[in-house]
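>>> Sequence and predicted structure, then a few things I'm wondering about:
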Amino acid sequence: MTLPAHATLIDLRPAELRCREPLEEWLTLPVLALTLEAIENGTHGLRPEAGPLVVICERGVRSGLAAQYLRADGLEAWAYPGGVPALRRALQQGRPEDNSG
């Protein structure tokens, strides 16, 4: 999956995993740490101005659910398929960011 140049990455992983592998060190995109609970409850504080939202979790399961909730809130959002392992593989093969826009 190619990440849009103006996307915001939503990291759903627990703090321990975020500290172990900070996505901010891998990408030039902004990364926000949120919980699935905040997204489910609508207390995430995200606005359309954040641009397209790409939600990622450790394996890709919770991010799909979170993206559905965010779309229900009127935001442009989708899950990164395969989670962090898939992103790691994409980075090893070349940058997954789309710098065309």
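That came through, no problem.
>>> since we're on P85, how many residues are nearby?
11 (other CB atoms under 10 Å). No exception for glycine: its C-beta is placed from N, CA and C like everyone else's.
>>> Now it: closest residue in space, sequence neighbours ignored.
Distance criterion CB to CB, 6 or more residues apart in numbering; nearest residue to P85, sequence neighbours excluded, is R59 at 7.4 Å.
>>> Could you report the neighbour count for the one you found?
Counted with other CB under 10 Å, R59 comes out at 13.
>>> just T8 next, same as before
Here the neighbour count serves as a burial measure; for T8 (other CB under 10 Å) it reads 18.
>>> what does I10 give?
Count around I10 with other CB under 10 Å applied: 26.
>>> try L87
For L87, the neighbour count with other CB under 10 Å is 23.
>>> quick revisit: which SS state does the residue nearest to P85 fall under?
Applying DSSP: H, G, I helix; E, B strand; the rest coil to R59 yields a three-state assignment of coil.
>>> what does the one 4 residues further on give?
Remark: S63 carries the secondary structure label helix [criterion: three-state DSSP].
>>> Which pLDDT does the model give it?
You'll see S63 listed with a pLDDT of 97.
>>> residue contacts, the residue nearest to P85?
G82, G83, V84, P85 (CB atoms under 8 Å, 6 or more residues apart in numbering).
>>> Now do the same contact list for the second one.
With contact taken as CB under 8 Å, 6+ apart, G83 is in contact with I56, C57, E58, R59, G60, V61, S63.
>>> and with 10 Å instead?
Contacts were defined as CB atoms under 10 Å, 6 or more residues apart in numbering; by that measure G83 touches L12, R13, V55, I56, C57, E58, R59, G60, V61, R62, S63, G64.
>>> H44 contacts D73, correct?
Yes: with contacts counted by CB atoms under 10 Å, H44 reaches D73, the gap being 7.9 Å.
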